[in-house]
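Colleague: Below is the structure, and that's it, no one-letter string:
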């Protein structure tokens, strides 16, 4: 577990936004908006459930099925299972809400010791999808670019297959 926390700490030390002032102002704006909306954190509400809610969704077709699904303001994200072992995450698929093509990544290795996030590598790009839990109440999608910069988006909806295993670290 220490190795997981160390890896997360190392990842979060890297710059997520090249403009910290912008992030600070955005956070302050959300704080003010929460106060104006009578204490409801409308921009930060997380809806959770089971992947059974995704009836007729074909994004993970040809795999072992959808293990996890997440939404941010810009993306719908799918963690799809290995067709030979439906309990193992193997595919990362994103659907851009603006209509542009998303990405599809396939795992080459598994690390079932991770338990708080899914991680996929695409060359020098790193995609990390946090899993909501008692310790991660506001999960995010983090994307790190080759130059060390990157961004994150808060997850607003997270669905998980009821019999899923631990998340994995994968590389392409």
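Modeller: The structure has been received and is ready for your questions. The structure presented is a predicted model; accordingly, all values stated were derived computationally and were not measured. Numbers count the residues shown, from 1 in each chain.
Colleague: residue ranges with poor pLDDT in the protein?
Modeller: 1-44, 109-114, 163-172 (pLDDT under 70).
Colleague: what's the single longest strand in it?
Modeller: Ranked by number of residues, the top strand in the chain under DSSP state E is strand 85-96.
Colleague: That one packs against which elements?
Modeller: Using 3 or more C-beta pairs under 8 Å, 6 or more residues apart in numbering; DSSP states H and E, the elements in contact with strand 85-96 are strand 75-82, strand 104-106, strand 117-122, strand 169-170. All C-beta spots, glycine's among them, are computed from the backbone N, C-alpha and C.
Colleague: Give the partner strands of the first one in its sheet and their orientations.
Modeller: It stands for strand 75-82. Take DSSP bridges as the rule and strand 75-82 pairs in its sheet with strand 66-71 (antiparallel), strand 85-96 (antiparallel).
Colleague: Need the winner for burial among these.
Modeller: Highest mean neighbour count of those: strand 66-71, a mean of 24 (counted as mean count of other C-beta atoms under 10 Å).
Colleague: Can you give the contact residues for that one?
Modeller: Identification of contacts with strand 66-71 by C-beta atoms under 8 Å, 6 or more residues apart in numbering yields 51, 54, 57, 59-60, 76-81, 89, 118, 129, 131, 139, 141, 155-161, 164, 167.
Colleague: change it to 6 Å
Modeller: 51, 54, 60, 77-81, 89, 129, 155-161, 164 (C-beta atoms under 6 Å, 6 or more residues apart in numbering).
Colleague: are any of those residues buried, and which?
Modeller: 51, 54, 60, 77-81, 89, 129, 155, 158-161, 164 (16 or more other C-beta atoms under 10 Å).
Colleague: Out of the residues you listed, which is nearest to residue 148?
Modeller: residue 129 (19.5 Å; C-beta to C-beta).
Colleague: so what's the backbone phi/psi at that closest one?
Modeller: When read as degrees, to the nearest 10, the backbone of residue 129 gives phi -110, psi 110.
Colleague: how much space between the spatially closest residue to it that is not a sequence neighbour and residue 49?
Modeller: In this structure, residue 129 finds its nearest non-sequential neighbour in residue 118, 4.6 Å apart by C-beta to C-beta, 6 or more residues apart in numbering. Distance of residue 118 to residue 49, given as C-beta to C-beta, to the nearest Å: 17 Å.
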